[in-house]
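S.K.: Quick one: sequence and predicted model below, then my questions.
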There are 2 protein chains.
Amino acid sequence: MQTTKPRHDATEGTDAAVGTRDRIVRAAARLLQRQGYEGTGIKQIARDAEATLGSVYHFFPGGKQELAVAAIQHGEREFSDILRAGLAAADDPAEAITACTRLLADSLRESDWMDGCPVAATALETVGRAPDIQQACAEAIGHWTELVTEKLRGGLDEDTARDLACAAISTLEGAELTAQVLRSEEPLLTAGRHLARLIRTYE
Amino acid sequence: MQTTKPRHDATEGTDAAVGTRDRIVRAAARLLQRQGYEGTGIKQIARDAEATLGSVYHFFPGGKQELAVAAIQHGEREFSDILRAGLAAADDPAEAITACTRLLADSLRESDWMDGCPVAATALETVGRAPDIQQACAEAIGHWTELVTEKLRGGLDEDTARDLACAAISTLEGAELTAQVLRSEEPLLTAGRHLARLIRTYE
DNA sequence: ACAGCGCTAGAGCGAACGCTCTATCCGTTA
DNA sequence: TAACGGATAGAGCGTTCGCTCTAGCGCTGT
């Protein structure tokens, strides 16, 4: 398609002409999020990214698995952005977590319940069968937990903050799954309310 | 394979010679749980069930989707059994929920982190694309929520019990996913502890 | 002007996919 | 014993899968 300008800088993505590699990763990330690993074909990714099979295998000689790892890492960054935005919405950690659930509920509803957690579907069907992908998913979860831990560190001792953050990420993950399946934002909002209540028991 | 005895009674399954239909459903349920919908082929199901393709399409003329619905319903019953066992382990609801997480953690570890929630993987990759399957998954989640709600109804008003049960199921779902990906029972046990603490705030 | 190279382009490989189809087996009835 | 129908058996259909491979594009440096 259109010629690519960027040289060694891969962190770009401002406007119109995004590099081919980036378009491939983005398309892969969205498809993996919506239909999982096995349900997504390389040719479909190439078509969606307006790239060709040749380009895909040029940038990802490791094939589908290598591309999936890059896509999961991209999804991790996207989800981190949402999480950071929610956590920054209030000083009080309890309110901040509730803000996260509201953000997630909004984006889920707006996508007609299609765009849930960017790694969950892929993670579940590759667990124990594709170590590279599983590790990328594990790192994503670890990173998200770290973000929440940082927010909770004010006023709580380190171990408590970590523990609570782990429970919070699990709950967010499960509530998003439930909300998608039931096509309702209620599970997410309910999870937000109860997480806030739980956090307040530590004050 | 061996000839099938049972006539109209489909609830059997005691020993050795299980009916062909049952073997197919069981094999499908375990494969869907481990590798999701798209990752599981009909021929693999038939092979695992020691049945033939002809038998599969004889019992499930609706093809893969109809079989998946039956498999999800089977998984729902299995998970309900675990849940019921955990909930019956203690009178105190908080302790009972913790018992559930311990049961789930045990069975997850014993299966080398392979057997997580029986519907999660399939649910996530068929959401918005296979209404029959999605509805079966939604009914499973609804049923599990109902089981927890019943346990919580003692001492809590109806709405609170329902709400709390919804949050609990979301948390269990997410904690199991996290535990699988991280290959650690910690997320499940942490979720159990915090769920217990949350429930106790209502006493 | 002309190599050199990063990237695009897509035909085509063997294998596996979901599913259809016909043929046969065998316990139950008449 | 003969006929019937539920159940089993698997070859084979058309399609798609992940991936390989060769050809050619256009930009860069000399």
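M.R.: Arrived safely. Numbers count the residues shown, from 1 in each chain, chains lettered A, B, ... in the order given.
S.K.: What count of nearby residues applies to the nearest residue to residue A:199 once chain neighbours are set aside?
M.R.: Nearest residue to residue A:199 in three dimensions, chain neighbours excluded: residue A:94, at 4.3 Å (CB to CB, 6 or more residues apart in numbering or on different chains). Backbone N, C-alpha and C define where each C-beta goes, glycine included. As a burial measure, residue A:94 scores 20 neighbours (other CB atoms under 10 Å in any protein chain shown).
S.K.: Mind listing what's buried along the helix or strand that contains residue A:94?
M.R.: Following DSSP states H and E, one finds residue A:94 within helix A:93-110. Residues of helix A:93-110 classed as buried: A:93-105, A:108 (neighbour count, 16 or more other CB atoms under 10 Å in any protein chain shown).
S.K.: Mind putting those residues into TSV with pLDDT?
M.R.: Shown next, in TSV, are the buried residues of helix A:93-110 (pLDDT from 0 to 100):
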residue	pLDDT
A:93	97
A:94	97
A:95	98
A:96	98
A:97	98
A:98	98
A:99	98
A:100	98
A:101	98
A:102	98
A:103	98
A:104	98
A:105	98
A:108	98
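S.K.: Closest one of the residues you listed to residue A:38?
M.R.: residue A:108 (23.0 Å; CB to CB).
S.K.: so what's that closest one up against?
M.R.: For residue A:108, the contacting residues are A:115-116, A:176, A:179-180, A:185, A:188, by CB atoms under 8 Å, 6 or more residues apart in numbering or on different chains.
S.K.: Just the residues you listed: which are in helices?
M.R.: Within these, residues falling in helices by DSSP state H are A:176, A:179-180, A:188.
S.K.: what about residue A:136, distance to DNA strand D?
M.R.: Distance of residue A:136 to DNA strand D, computed by CB to the nearest atom of the strand, to the nearest Å: 16 Å.
S.K.: Next: residue A:89.
M.R.: In terms of CB to the nearest atom of the strand, residue A:89 sits 39 Å off from DNA strand D.
S.K.: pLDDT score assigned to that residue?
M.R.: Looking at residue A:89, its pLDDT is 98.
S.K.: burial count for it?
M.R.: 16.
S.K.: excluding its backbone neighbours, what's nearest it?
M.R.: Computed as CB to CB, 6+ apart, the closest residue to residue A:89 that is not its neighbour in sequence is residue A:99, at 3.9 Å.
S.K.: how about the residue of chain A found nearest chain B, secondary structure?
M.R.: Chain B sits closest to residue A:174 of chain A, with a gap of 2.6 Å, by CB to the nearest CB. Three-state call for residue A:174 (DSSP: H, G, I helix; E, B strand; the rest coil): helix.
S.K.: thought it was touching residue B:175?
M.R.: Yes: the criterion here is CB atoms under 8 Å, and residue A:174 meets it with residue B:175 at 6.9 Å.
S.K.: returning to that earlier point: quick check, nearest of the ones in helices among the contacts of residue A:108 to DNA strand C?
M.R.: Distance to DNA strand C, by CB to the nearest atom of the strand, is smallest for residue A:180 among the ones in helices among the contacts of residue A:108, at 22.7 Å.
S.K.: SS state for residue A:156?
M.R.: Taking three-state DSSP, the label given to residue A:156 is coil.
S.K.: Count the residues that sit near the residue in chain A positioned nearest to DNA strand C.
M.R.: Nearest to DNA strand C in chain A, going by CB to the nearest atom of the strand, is residue A:54, at a distance of 2.1 Å. Look at residue A:54: counted by other CB under 10 Å, it has 9 neighbours.
S.K.: separation between it and residue A:48?
M.R.: As defined by CB to CB, to the nearest Å, residue A:54 lies at a distance of 16 Å from residue A:48.
S.K.: still on that earlier bit, which ones are touching the residue of chain A closest to chain B?
M.R.: Residue A:174 neighbours (CB under 8 Å, 6+ apart): A:191, B:169-175, B:177.
S.K.: One more: residue A:196?
M.R.: Contacts of residue A:196 (CB under 8 Å, 6+ apart): A:94-95, A:97-98.
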